[in-house]
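Undergrad: After the sequence you'll find the predicted model.
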Amino acid sequence: MPPFFQGQPVPAILALADGSIFHGVSIGASGQTIGEVVFNTAMTGYQEILTDPSYNSQIVTLTYPHIGNTGVNAEDVEASRIHAAGLIIRDLPLRVSNFRAQQSLSDYLKSQNVVGIANIDTRRLTRLLREKGAQNGAILAGADATVEDALALARSFPGLSGMDLAKVVSTKEPYVWTETEWKLGAGVGKQEAPKFHVVAYDYGVKYNILRMLAERGCKITVLPAQASAEDALKLNPDGIFLSNGPGDPEPCDYAIRASQELIERGIPTFGICLGHQLMALASGARTLKMKFGHHGANHPVQDLDSKRVMITSQNHGFAVDAATLPANCRVTHVSLFDNSLQGFERTDRPAFCFQGHPEASPGPTDIAPLFDRFVAMMEKHKHA
Ligand SMILES: NC(=O)CC[C@H](N)C(=O)O
């Protein structure tokens, strides 16, 4: 693969709504992008982060300084394309080195028309975001970029509060997840018949969630975010999955309505991240916007029953206000970073949810047994 800096570097400007300006070089497409600027502290997984649909309308800065060393490949993705609105990094290596690399990070960004900026003091930027909170921002990449334009653009982003993005990134048509079955079948011979049928609402679902459900013997039918409860019921599901996704959960009234109906009917239901927030709203609780959210792969979360502490992957900017949870919701997990709510279960229905990412990708899989819990819940319900 050719070295990245061939010819003249293209200048780029990052502006934040508070007036902060950062000068760097373009590592992606020329042009402009706007969104909420958030920092992610994971040391690995830049490809999974870029393709996570939950990052729609967010510009991500990575605190790990060297990004792009292992290039990109077609497998380590959480969706078919990049969803992050832009990428901010300290240093892009001159050469890519990995046996799986098919493309450089820079070419990948360009091929998907995504704007990125390097040579940024990401420590200064992260400290600023941590102190002032996530900021609306813009990147302008190109020889004609000006500070005035970048600032005006940054201030033109309305902010994520009130933004319904789940229906924007969701699949438009239902589909059955086949990737995992195909792989298992290719490797170990004939695939056993799936034991459960899960209907997954796609609010921006990460592939690894579907992979982990499929590996546990689930056939998965993925439905568009705006599918009604009746659409799901017609498929005679053993369980309902409410996915992660971008934006503010509160305006997703269609999703709150459908999940409420399905939970009330007593169908085993599992929610992750946005799905957790939707389950809370469907149960009568409220959500709130966090100062700078949780985005990383080393967040300690305590399971309140076992008292065990698990290291988890996180990516959220909204949270459920624990004080508003009704009596039929029991808190199961809390963040040891800030004591915010990380998980609860319904005491009157077979339904539970988690704010972090048990599918990791990137990140640790300490909390992956939540998928087993969902499968056990479906098993129990099937024979009840
Ligand atoms: N990863 C997610 O599902 C994120 C949920 C929601 N968009 C938030 O930022 O809190």
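TA: Sure thing, it's come through.

Undergrad: The ligand versus the closest residue to Tyr207 other than its chain neighbours, what's the distance?
TA: What sits nearest to Tyr207 in space, not counting adjacent residues and going by C-beta to C-beta, 6 or more residues apart in numbering, is Glu78, at 5.2 Å. Where C-beta positions appear, they are placed from N, C-alpha and C, glycine not excepted. Taking C-beta to the nearest ligand atom, to the nearest Å as the measure, Glu78 falls 10 Å from the ligand.

Undergrad: Glu78 against Pro53, yeah?
TA: Yes - shown here, Glu78 and Pro53 form a contact pair, counting by C-beta atoms under 8 Å, at 7.2 Å.

Undergrad: Residues that sit against both of the two, list them.
TA: Lys206 (C-beta atoms under 8 Å, 6 or more residues apart in numbering).

Undergrad: who does the nearest residue to Thr41 once chain neighbours are set aside bridge with?
TA: Spatially, and ignoring its direct neighbours in sequence, Thr41 is nearest to Gly296 (3.7 Å; C-beta to C-beta, 6+ apart). For Gly296, the beta-bridge partners under DSSP bridges are Gln314.

Undergrad: Wait, Gly296 touches Gly45, no?
TA: No - assessed by C-beta under 8 Å, Gly296 is found out of contact with Gly45, at 10.4 Å.

Undergrad: Mutual contacts of those two, please.
TA: The overlap between the contact sets of Gly296 and Gly45 (C-beta under 8 Å, 6+ apart) consists of Gly363.

Undergrad: Near the residue nearest to Tyr207, how many other residues are there?
TA: By other C-beta atoms under 10 Å, 27 other residues sit near Glu78.

Undergrad: low pLDDT regions in this structure?
TA: Within the chain, the stretches with pLDDT under 70 are 1-7, 181-192.

Undergrad: can you rerun that using 50?
TA: Low-confidence segments of the chain (pLDDT under 50): 2-3, 182-183, 185-190.

Undergrad: And the most centrally placed residue in it, how close does it get to the ligand?
TA: Nearest to the geometric centre of the chain sits Ser54, at 3.6 Å (C-alpha atoms, centre = their mean). Remark: distance between Ser54 and the ligand (C-beta to the nearest ligand atom) = 3 Å.

Undergrad: cool, Pro237 as well?
TA: Using C-beta to the nearest ligand atom, Pro237 is found at 21 Å from the ligand.

Undergrad: I'd guessed that residue sits against Val198; true?
TA: Yes - applying C-beta under 8 Å, one finds Pro237 in contact with Val198, separated by 6.4 Å.

Undergrad: Which one of these two is surrounded by more residues?
TA: Val198 (26 against 23).

Undergrad: how would you label that one: helix, strand or coil?
TA: strand (DSSP: H, G, I helix; E, B strand; the rest coil).

Undergrad: circling back to that earlier point, which residues are in contact with both of Pro237 and Val198?
TA: Common contacts of Pro237 and Val198, defined by C-beta under 8 Å, 6+ apart, comprise Thr221.

Undergrad: returning to what we had before: give the contact list for the residue nearest to Tyr207.
TA: If a contact means C-beta under 8 Å, 6+ apart, then Glu78 has Glu48, Thr51, Asp52, Pro53, Lys206, Tyr207, Asn208, Ser361 as its contacts.

Undergrad: And the helices in this protein?
TA: Using DSSP state H, the helices of the chain run over 46-51, 105-111, 122-132, 147-156, 166-169, 179-188, 207-215, 229-233, 253-264, 274-282, 369-382.

Undergrad: Quick check: chain neighbours aside, which residue is closest to Pro326?
TA: Closest residue to Pro326 apart from its sequence neighbours, by C-beta to C-beta, 6+ apart: Gly284 at 4.7 Å.

Undergrad: number of nearby residues for the closest residue to Arg308 other than its chain neighbours?
TA: Nearest residue to Arg308, sequence neighbours excluded (C-beta to C-beta, 6+ apart): Gln302, at 7.2 Å. Using other C-beta under 10 Å, the number of residues around Gln302 comes to 18.

Undergrad: Please report how far Gln302 lies from the ligand.
TA: In terms of C-beta to the nearest ligand atom, Gln302 sits 20 Å off from the ligand.

Undergrad: again, but for Leu233
TA: Distance, Leu233 to the ligand, by C-beta to the nearest ligand atom: 24 Å.

Undergrad: got a list of what that residue touches?
TA: By C-beta under 8 Å, 6+ apart, the contact list for Leu233 reads Leu262, Arg265.

Undergrad: Please repeat the previous calculation with a cut-off of 10 Å.
TA: Val199, Ile240, Ala258, Glu261, Leu262, Arg265, Ile267 (C-beta atoms under 10 Å, 6 or more residues apart in numbering).

Undergrad: and those residues, which are buried?
TA: Val199, Ile240, Ala258, Glu261, Leu262, Ile267 (16 or more other C-beta atoms under 10 Å).

Undergrad: Is stretch 118-138 in proximity to the ligand?
TA: No - if you take C-beta under 6 Å from any ligand atom as the test, stretch 118-138 misses the ligand, and the best it gets is 9.7 Å.

Undergrad: Could you list the residues of the stretch 1-150 of the chain in contact with the ligand?
TA: Counting by C-beta under 6 Å from any ligand atom, the residues of the stretch 1-150 of the chain close to the ligand are Ser54.
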